[in-house]
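S.K.: when you get a sec, could you give me coordinates for this:
(chains A and B)
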Protein chains: 2
Amino acid sequence: MIHPAETAFIIIDMQWGFIDEASSLCIAGARASIPACATALQTARRLGMPVFHVRRAYAADGSDVEPVRVGIWLAGGRPVCAEGDNPDSVLAPPELTELSGEAIIMKPSFSAFYGTTLEADLRARGVRTVVLAGTTSPNCIRSTCYDALSRGLNVVVLEDATSSRTPEVQQANIVDMAYIGAHIMATAEFAQNGLQNVPDVAQQATEMLTTLN
Amino acid sequence: MIHPAETAFIIIDMQWGFIDEASSLCIAGARASIPACATALQTARRLGMPVFHVRRAYAADGSDVEPVRVGIWLAGGRPVCAEGDNPDSVLAPPELTELSGEAIIMKPSFSAFYGTTLEADLRARGVRTVVLAGTTSPNCIRSTCYDALSRGLNVVVLEDATSSRTPEVQQANIVDMAYIGAHIMATAEFAQNGLQNVPDVAQQATEMLTTLN
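M.R.: Now for the predicted structure:
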């Protein structure tokens, strides 16, 4: 049994710089996922889950842009920039704006765990399960998924509240995350049944290992 | 220009527990990649690159197995186990055995960076580029690739010296890693030309950013 209070809802990189079709860093599927993300966010709030808004904001001088991304970042006029050309690009759409008391984690790269306080924050709250939404499935969602699995957390990925550059890429990444052990769920199912049908893999593993002793 | 002395060759999880068809953790494509891995390893040695053998060995009581992997690990008789049922499963094939002086990094999960000294070891040697070989592309290779990109390193993935559970999964993961900025190369090209045609993305990024100042 997975309790909402021990489950973090983590929404990643749903900011205009990754959503707006005019941005060089736009993820083609991101805008269409806004309604599902909003439904998921409202569900998490209704269930009393701790909510984490994980976002990216590059320094205006580009010093914290991954080298592989510098070219496209410069060519696009420094999209997703905290100051300078595109300060609005770091903002979330109104449907996904944080409420007072919800955590905002600024991350310096792909995974929500890399270079952030997320792991400590989750441990402090006794979180055992994370529910992931946002973009982009092959990069930030997937890196966060694997980092969470490495830390022994249960992982739920909301399939239609995540997005990719093409439907094929989305599908391939969902398949890989399911294969390694993430629980893939539709947002409508999450809204209707919450965490009711999510297996507590971490607990099951502990029970299975007692057979060894 | 990328210098071999500043480039680490990292070979991941090429151990019998992941190669042997009788293991529950066998990666279907791993055995066929042994010759390419061996050619790549010999090339790295010939060029004078620091070599890192990154491997996994589970505790006999399963306490360090990711919860999502416990079921298959138990069902398979604790494959890839440092002691107990399958001690030989942690060994590399003879073609890929370490030489004296080469680093062995035991990792506790997917990424070679998670919970290991790898990052510190690379920094201490002035490594700016990593060349990845081994298995499995969707999990340990890809996690290591993204973690290296997050740290500003150039990443080369040797396509035929990495492997997956199906050719389709292999292809989808190579495409994603290429898309985010890893340099995908055939082992024969590496053996023939070394790092000659590998772009120094980290250096290029630094140069591009100077245009901002």
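S.K.: can you pull out the strands in chain A?
M.R.: Remark: strands assigned in chain A by DSSP state E are A:7-12, A:51-55, A:103-106, A:129-135, A:154-163, A:183-185.
S.K.: for those, which one sits closest to chain B?
M.R.: strand A:154-163 (7.4 Å; CB to the nearest CB). For every residue, glycine as well, the C-beta is placed using N, CA and C.
S.K.: any stretches of chain A with poor pLDDT?
M.R.: Along chain A, the model assigns pLDDT under 70 to residues A:213.
S.K.: please redo it, this time with the cut-off set to 80
M.R.: A:82-86, A:213 (pLDDT under 80).
S.K.: so where do the helices sit in it?
M.R.: Here chain A has its helices, by DSSP state H, at A:16-19, A:34-47, A:67-75, A:118-124, A:142-150, A:167-180, A:187-193, A:201-210.
S.K.: now those helices in TSV, with mean neighbour count and distance to chain B?
M.R.: Below are the helices of chain A laid out as TSV (neighbours: other CB atoms under 10 Å in any protein chain shown; distance: least, CB to the nearest CB, whole Å):
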stretch	mean neighbour count	distance to chain B
helix A:16-19	24	14
helix A:34-47	19	22
helix A:67-75	19	3
helix A:118-124	16	11
helix A:142-150	26	4
helix A:167-180	18	4
helix A:187-193	17	20
helix A:201-210	16	4
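S.K.: would you turn the strands of chain A into a markdown table with mean neighbour count?
M.R.: A markdown table is the format used below for the strands of chain A (neighbours: other CB atoms under 10 Å in any protein chain shown):
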| stretch | mean neighbour count |
| --- | --- |
| strand A:7-12 | 26 |
| strand A:51-55 | 23 |
| strand A:103-106 | 14 |
| strand A:129-135 | 28 |
| strand A:154-163 | 26 |
| strand A:183-185 | 18 |
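S.K.: output the ones you listed in JSON lines; the columns should cover distance to chain B.
M.R.: Compiled in JSON lines, these are given as follows (distance: least, CB to the nearest CB, whole Å):
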{"stretch": "strand A:7-12", "distance to chain B": "14"}
{"stretch": "strand A:51-55", "distance to chain B": "14"}
{"stretch": "strand A:103-106", "distance to chain B": "14"}
{"stretch": "strand A:129-135", "distance to chain B": "11"}
{"stretch": "strand A:154-163", "distance to chain B": "7"}
{"stretch": "strand A:183-185", "distance to chain B": "10"}
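S.K.: among the ones you listed, which comes closest to residue B:58?
M.R.: Residue B:58 sits nearest to strand A:154-163 of all the strands of chain A, at 19.9 Å, using CB to CB.
S.K.: check which helices and strands that closest one is in contact with.
M.R.: If contacts are counted by 3 or more CB pairs under 8 Å, 6 or more residues apart in numbering or on different chains; DSSP states H and E, strand A:154-163 sits against helix A:34-47, strand A:129-135, helix A:142-150, helix A:167-180, strand A:183-185, helix A:187-193.
S.K.: the second one to strand A:51-55, inter-axis angle?
M.R.: With axes from the mean of the first three to the mean of the last three CA atoms, to 10 degrees as the criterion, the two stretches strand A:129-135 and strand A:51-55 enclose an angle of 40 degrees.
S.K.: which strands or helices does strand A:129-135 pack on?
M.R.: The contact analysis (3+ CB pairs under 8 Å, 6+ apart) places strand A:129-135 against strand A:7-12, helix A:34-47, helix A:142-150, strand A:154-163.
S.K.: quick one: closest of the ones you listed to residue B:50.
M.R.: Residue B:50 lies closest, by CB to CB, to one member of these: helix A:142-150, at 24.9 Å.
S.K.: what packs against that closest one?
M.R.: strand A:129-135, strand A:154-163, helix A:167-180, helix B:142-150.
S.K.: mind doing that once more with 10 Å?
M.R.: Counting contacts by 3 or more CB pairs under 10 Å, 6 or more residues apart in numbering or on different chains; DSSP states H and E, helix A:142-150 packs against strand A:7-12, helix A:118-124, strand A:129-135, strand A:154-163, helix A:167-180, helix B:67-75, helix B:142-150.
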